[in-house]
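Peer 1: the following block contains a protein sequence and its predicted model.
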Amino acid sequence: MFKPDKIISLILTLLMVAAAAIVVNKTIFGRNLQKPTKEALTSTTATDSIDRAPDGTVTIHTKDLHGAIGGYAGPVPLDIILKEGKISSVEALPNSETPSFFSRASELLDVWNGKTPREALDMKVDAISGATYSSSAIISNVRTGLAAYEGAEASTDGSTPWKIWIALAVTLAACIVPLFVHSKIYHNVQLIANVAVLGFWCGQFLDYALILKYTSSGFTWPAAAVGIVMLVAAFIYPIFGRPQHYCNHICPLGSAQQLMSEICGYKIKLSPKTIHALEWFRRILWACLMLLLWADCLTSWIDLELFQAFQFRSAAPGIIIAAALFVLLSAVVTRPYCRFVCPTGSLFKRAENIG
């Protein structure tokens, strides 16, 4: 049943996300909100920003790409050099950053050397303390340039990575089949597919980092196909009477907790007072994290959500350990991360006006 009373909650939540994207990334749907330089007044497509030399060397210019992020004093343009399919170097072009700060941030320029574009995009790279704005700009612009390169390559060969089609099939099944089939066996099979395919194999899930990326840079087809379907399940389904559909039927971490919950018959009985306190902890935590985004302070928390544990090759050990502990705890406490911590889940609940 259509629930018009949820429309206002959804709109307000989307405005909150848009405000965070503007503050953190200075862009909204690919439109750079920073004061443009004279050189950036002309629009540049991804293809225009990629030069290919006769010897096969590829140079990606991030200077005018949509989604390129500025540092403290303005744009931080980079040239990313690829040789034989791997990153040979990342070179900083002239910019207006404070030289002493940018010198510290420049320590990051070598961390991607020797990686393929896909390996580099999967890497977790932290900003350098004391040069946060400059180093965050370097990290974001390397990712923007490599994402543009991969999109241009996919466009050139006319193909779509087959992993995306499989992930899309699993996501569509989780969106559609539960509307008509109420089988415990099917539900468990779907949960296993969510963990194995969407989680470990494809790394497809919704988190703050992805939602802010879409809000800042827009969608790129076909890479965003799975994310778009997930967003529909998370934000649109509840309007039509399917609350928390993404969390209950699609989310890989939620699925892992649900599967673990069914392994053990014993459950710790939390008192109503304890549950109430934990739910308030989740609300306060979410409010504090949103305030950090709006204040553009300690925004790196968005890279610390436990979903990153599925990308275990690049995830920080602490994230992997924390995710494993929550999954193990879910054997005796039903979905503890979802119910009492998850910032992304709290965002969806806010959109549904269920706290």
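Peer 2: Structure's in. What do you need? Bear in mind the structure is a predicted one, so any value in this text is a computation, not a measurement.

Peer 1: so where do the helices sit in the stretch 201-350 of the chain?
Peer 2: Along the stretch 201-350 of the chain, the segments classed as helices by DSSP state H, counting those that start in this stretch run 208-217, 225-231, 245-249, 252-263, 272-294, 317-329, 336-340, 343-352.

Peer 1: typo on my end, the stretch 1-150 of the chain
Peer 2: 5-25, 99-105, 117-122, 132-157.

Peer 1: now the second one: mean pLDDT?
Peer 2: I take that to be helix 99-105. What helix 99-105 shows for mean pLDDT is 83.

Peer 1: just to revisit the earlier point, okay if I get the helices of the stretch 201-350 of the chain as JSON lines plus distance to residue 107 and mean neighbour count?
Peer 2: For the C-beta atoms, the positions are set from N, CA and C on the backbone; glycine is no exception. Formatted as JSON lines, these follow (distance: least, Cβ to Cβ, whole Å; neighbours: other Cβ atoms under 10 Å):
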{"stretch": "helix 208-217", "distance to residue 107": "23", "mean neighbour count": "21"}
{"stretch": "helix 225-231", "distance to residue 107": "32", "mean neighbour count": "20"}
{"stretch": "helix 245-249", "distance to residue 107": "39", "mean neighbour count": "23"}
{"stretch": "helix 252-263", "distance to residue 107": "33", "mean neighbour count": "22"}
{"stretch": "helix 272-294", "distance to residue 107": "25", "mean neighbour count": "14"}
{"stretch": "helix 317-329", "distance to residue 107": "22", "mean neighbour count": "16"}
{"stretch": "helix 336-340", "distance to residue 107": "34", "mean neighbour count": "21"}
{"stretch": "helix 343-352", "distance to residue 107": "30", "mean neighbour count": "22"}
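
Peer 1: what's the closest of those to residue 6?
Peer 2: Closest approach to residue 6 among the helices of the stretch 201-350 of the chain is made by helix 343-352 (6.1 Å; Cβ to Cβ).

Peer 1: now the angle from that closest one to helix 272-294?
Peer 2: Between helix 343-352 and helix 272-294, the angle comes out at 100 degrees (axes from the mean of the first three to the mean of the last three Cα atoms, to 10 degrees).

Peer 1: and helix 343-352, what's its mean pLDDT?
Peer 2: 96.

Peer 1: what residue lies at the spatial centre of this structure?
Peer 2: residue 210 (2.3 Å; Cα atoms, centre = their mean).

Peer 1: re the thing from before, pick the most deeply packed of the helices of the stretch 1-150 of the chain.
Peer 2: helix 132-157 (a mean of 21; mean count of other Cβ atoms under 10 Å).

Peer 1: which other helices and strands contact that one?
Peer 2: Contact analysis of helix 132-157 by 3 or more Cβ pairs under 8 Å, 6 or more residues apart in numbering; DSSP states H and E lists strand 50-52, strand 58-61, strand 78-83, strand 86-92, helix 99-105, helix 117-122 as its packing neighbours.

Peer 1: try 10 Å
Peer 2: helix 5-25, strand 50-52, strand 58-61, strand 78-83, strand 86-92, helix 99-105, helix 117-122, helix 208-217 (3 or more Cβ pairs under 10 Å, 6 or more residues apart in numbering; DSSP states H and E).

Peer 1: most remote residue from the protein's center?
Peer 2: The chain, farthest from centre, Cα atoms, centre = their mean: residue 54 at 35.9 Å.

Peer 1: can you check the pLDDT for that one?
Peer 2: Residue 54 is given a pLDDT of 86.

Peer 1: how about it, what does it touch?
Peer 2: By Cβ atoms under 10 Å, 6 or more residues apart in numbering, the contact set of residue 54 is empty.

Peer 1: could you check how far it is from residue 61?
Peer 2: 18 Å (Cβ to Cβ, to the nearest Å).

Peer 1: likewise for residue 315?
Peer 2: Taken as Cβ to Cβ, the span from residue 315 to residue 61 is 30 Å.

Peer 1: so who does the residue lying closest to residue 329 once chain neighbours are set aside touch?
Peer 2: Excluding the flanking residues, the one nearest residue 329 by Cβ to Cβ, 6 or more residues apart in numbering is residue 336, at 5.2 Å. Residues near residue 336 by Cβ under 10 Å, 6+ apart: 257, 261, 268, 270, 278, 325, 326, 327, 328, 329, 330, 342.

Peer 1: which one, of the helices and strands packed on helix 132-157, ends up nearest to residue 228?
Peer 2: helix 208-217 (8.4 Å).

Peer 1: what helices or strands is the closest one leaning on?
Peer 2: Short answer (3+ Cβ pairs under 10 Å, 6+ apart): helix 208-217 packs on helix 5-25, strand 27-28, strand 31-32, helix 132-157, helix 225-231, helix 272-294, helix 343-352.

Peer 1: to the chain's geometric centre, what's the distance from whatever helix or strand comes next after the fourth one?
Peer 2: Sequence-wise, the next helix or strand downstream of helix 132-157 (DSSP states H and E) is helix 162-176. Taking Cα atoms, centre = their mean, to the nearest Å, one finds helix 162-176 lying 18 Å from the centre of the chain it belongs to.

Peer 1: buried ones in helix 162-176?
Peer 2: For helix 162-176, the neighbour count (16 or more other Cβ atoms under 10 Å) marks 164, 166, 167, 168, 170, 171, 173, 174, 175 as buried.

Peer 1: thanks a lot, see you next time.
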